[in-house]
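1. Just a sequence and a predicted model for now, questions to come.
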Amino acid sequence: MEITDKTEERKPVSQSIDFYKIFKVFLSRWYWILGCVIISLIIAKVNLLYTPNLFSTAGQLRLKESNPMLGGGSSAAASAQVYNYTDKIQAESFVIKSQAVISNTTKQLNYKITYFFKERWGNREMYPKIPFTIKIFKQDSVNFNTGNYEIKPVNVTSFSLATPEDPKGKPKQYRYGQSIGAGNMVFSITSKVIEPYFFKFNSESEIIQRVGSGLAVVEAGRFTNVMQLSKTDNNAAFAADAINAVMKEYVKYDVLDKRKSAKQMIQYIKQQLTFIDQKVDSSGNLLATYKTNNKIIDLNSSTAQISSNLSDFQSKKQLAILDKKGINQLLEQLNSGSEKLEPNNNLRGAVTGLLPGLISQFNLLIESRSDALVQLDPNSEQVRSINGKINVIKESIRQNVVSLLELNEKTSSYFDSEIEKLNQQLGTIPNKEQAFVKLQSTFEVNNKVRSFLDERKLEAEMNEAAIVAGAEIVNLAFPNFDSIAINPNKSYMTALLFGLAVGFGLILLVRFLNPYIYDKETVEALTRTPIIGVIRKFPEYIDKNNRQALSLSKPKSVFAESVRSVRTNLSFMASHKKSKTICITSEVSGEGKSFVTINLAGTLALIDKKVILIAADLRKSKLHKAFGSNNKIGLSSYLTGQERLEDVIIHDDVHNIDFLPSGPVPPNPSELLHTDKMKELLNMLAPRYDYVLVDTAPVGLVSDAIPLIRQSDVNLFVIRSGKSQLRAAAIPERLSREYGLSNLAIVLNAFGDDALHANYYTTDYSRGGGNSTYYYSDYSGYAGSGYYDEDPKKWWEFWKKK
């Protein structure tokens, strides 16, 4: 027996990526990929069917710079032009979304009742169509049933109605025009119903919520004064009508809001006129009575001049008092924490300069905060930011108001000093004339104030009439029936790509999680031990006794040819030996070492070689079943001296093979195989037979096979495709290194055509090295060549007969 102290050094194999093999890996499971694609497309279809449509439409509004004012004056709104349109549009968006605008919008929409018709995948709203007319006689404004009513025609005069209060009960039958009491309301159906429908009564809160949800206001173009209002809804027509109603209501609301200030000013002026008219009448009567009683016809020129100057300064003083009153009212609003500032008493324009712009910005921020608080917490970042801006502007307004009050005080002091000087001059004239001048001065002052108030009233009324909206509709919204919820083409394309990705990913995942060896390239990459051959998967079902394998009933099959290839390569191992002892083992049981042993013995016997097969697995041998032996005596009986060799050897006349069964399981199988008698047995049988095949126990489980491996001329390590794990490929090399063997080779058993787990590398034998000592083939791709029995037809040759 040949044992070397040092194994032959071999270079690593040279392998390169084979893209055709990669293609075959995915092609081998094309039905996985197709299945994933089909499932993905089905999911996309179901998603399309059950996903409600969502439509989007938009309209545009253009913001105007200011309102025209009469008399060359300017209102607070005109002075507060916001040149940063982005900020202005953002501020106006809060007004548009405010409760006041949205609530008034719902009154323009004829949406008290929603009609539906039943589809296969759910109910679809019919707005703006009205399939039949419902007349409401009585309805609670808040507490009424908003569930779905189901109506079906019965005949030309009646219909059936199922109410939401009893949806599973029997529908009741009514006549057209009959009053129906249900859901805390009374109504009737006044027109004929052609087919089954559903309908529901909408509450005001539901309509407000639907109009407000999905409403967005953005800048239509950068640095432009055009804002775009867009809305998304499940009904394209409703979305367009809601946008148009919101835009119209916003324009109307803007006009009413601006006229509100003008009306307040007119009302205030009327109140002041009522008071001043009384003072003019009273002072006029006093003057006329004094003049008649004292028979004063006219004043001299100097006295007349004093009287004129006195009445002029007193008039200015009265107007300054009016200004102060308006400023104080604004200051009171600031100190009282009023939500909005309304300087409506600014009769002479004392509130000028930067103050109108600051007041306008303050009011816009107040509106923004009110709208933000509808959805946000008072402590949220956005609300805190708005509060910070409000405090800054409020402090600026306060400083401006204080400055105006200081200026008014200085002006009033000046008027008082001038009036005092004129009164001192009056002291030099007669008493009658002094009294007359004072009465005349009082009358003229009151009269001038009344004239001033009349002018301001007329101007305010004309300004009110001249107020126009601060925005105009540029483009109305129209229904857009292209759903944005889901795009069918995009959905199917995404599903297709997802299905392909899942299919390819599933194949890669299965390969990644695979711990088994499937092809010779994997073995070549894991070990330098040579492969002596690849045995194809047996074409038929193998029974537990391996009888089909033993019979070799298909000598022209690919399987039979692969076994012959191993037989041929065996002749090159220990070629100087006339008789060869071959030990066959594997890592674990179930890898086919006994199957390989039987088939190898059969092919050797076919070429008239004298073969004996020894079942050296004394623990769990099954070879005796293939030969029909009862295994009552065998190798264990001979090694223990209970039987003679001639009595335990069985001769198979059909296949011309001698067989030595394992015999009864001994208590010390490993020790028996280590005895000298076992060595003597192998030495005794070698001259008698051309081949001594020894089927041993798995080396990965027990050490029984080690003494037999060291004594054999050739050692075959069986690796089963799809059964042996990756670690098995390293065992032959480890055995060669530990025991100094150079006669170890690998047989890849049960190799099939499944490319799923095939290695995508191709070994380049032209560079030598590695385990390329022997020529062998895995016979892949040769099916259908005509050299083998039962060659499968190609799929395109279905018309040919076998």
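-> In hand now; what should we look at? Predicted model, so just to flag it, every value in this text is computed and none were measured.

2. Helices of the stretch 601-750 of the chain, residue ranges please.
-> Counting by DSSP state H, counting those that start in this stretch, the stretch 601-750 of the chain has these helices, from start to end: 623-626, 635-639, 645-648, 669-673, 676-685, 706-711, 731-739.

3. Compare those helices and give me the one nearest residue 520.
-> Closest of those to residue 520 is helix 731-739, at 13.9 Å (criterion: CB to CB). Where you see a C-beta, it was placed from the backbone N, CA and C, and this is true even at glycine.

4. buried set for stretch 403-413?
-> Within stretch 403-413, the residues scored as buried using 16 or more other CB atoms under 10 Å are 404, 405, 408, 411, 412.

5. Make sure I have this right: the last one is in a helix.
-> Yes. Going by DSSP: H, G, I helix; E, B strand; the rest coil, the assignment for residue 412 places it inside a helix.

6. can you pull the contacts of residue 96?
-> Residues in contact with residue 96 (CB atoms under 8 Å, 6 or more residues apart in numbering) are 215, 217, 229, 246, 250.

7. Among those, which one has the most neighbours?
-> Within those, most neighbours by other CB atoms under 10 Å means residue 246, with 28 neighbours.

8. Tell me if I'm right that it and residue 214 touch.
-> No. If you go by CB atoms under 8 Å, residue 246 and residue 214 don't touch, sitting 11.6 Å apart.

9. returning to what we had before: pick the most deeply packed of the helices of the stretch 601-750 of the chain.
-> helix 635-639 (a mean of 24; mean count of other CB atoms under 10 Å).

10. Show residues contacting it.
-> With CB under 8 Å, 6+ apart, helix 635-639 has contacts from 614-616, 618, 643-645, 648, 660-666, 669, 672-673, 675, 677-678, 681.

11. Which residue ranges of the stretch 301-450 of the chain form helices?
-> So, for the stretch 301-450 of the chain - with DSSP H, counting those that start in this stretch - the helices run 301-336, 355-375, 381-426, 431-466.

12. Could you tell me the angle between the second one and helix 381-426?
-> Counting by axes from the mean of the first three to the mean of the last three CA atoms, to 10 degrees, helix 355-375 lies at 150 degrees to helix 381-426.

13. and helix 355-375, which residues are buried?
-> 355-372.

14. Ok, the first one next?
-> Along helix 301-336, these residues count as buried under the neighbour rule (16+ other CB under 10 Å): 303, 306-307, 309-320, 322-324, 326-327, 329-331, 333.

15. and if you look at the last one?
-> Along helix 431-466, the positions that meet the burial threshold by neighbour count (16+ other CB under 10 Å) are 433-434, 436-450, 452-453, 456-457, 459-461, 463-464.

16. what's the average pLDDT for that helix?
-> For helix 431-466, mean pLDDT rounds to 75.

17. likewise the longest one?
-> Confidence over helix 381-426, taken as the mean pLDDT, stands at 82.

18. follow-up on the earlier one: kindly reformat the helices of the stretch 301-450 of the chain as CSV containing distance to residue 269.
-> Shown next, in CSV, are the helices of the stretch 301-450 of the chain (distance: least, CB to CB, whole Å):
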stretch, distance to residue 269
helix 301-336, 10
helix 355-375, 19
helix 381-426, 20
helix 431-466, 4
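
19. Which among those helices is found nearest to residue 519?
-> helix 381-426 (62.7 Å).

20. quick one: the closest one to helix 301-336, angle?
-> With the same axes, to 10 degrees defining the directions, helix 381-426 sits at 160 degrees from helix 301-336.

21. name the helices or strands packed onto helix 381-426?
-> The elements that helix 381-426 packs onto, with contact taken as 3 or more CB pairs under 8 Å, 6 or more residues apart in numbering; DSSP states H and E, are helix 301-336, helix 355-375, helix 431-466.

22. chain center to that helix: distance?
-> Centroid separation between helix 381-426 and its chain, computed with CA atoms, centre = their mean, to the nearest Å, is 58 Å.
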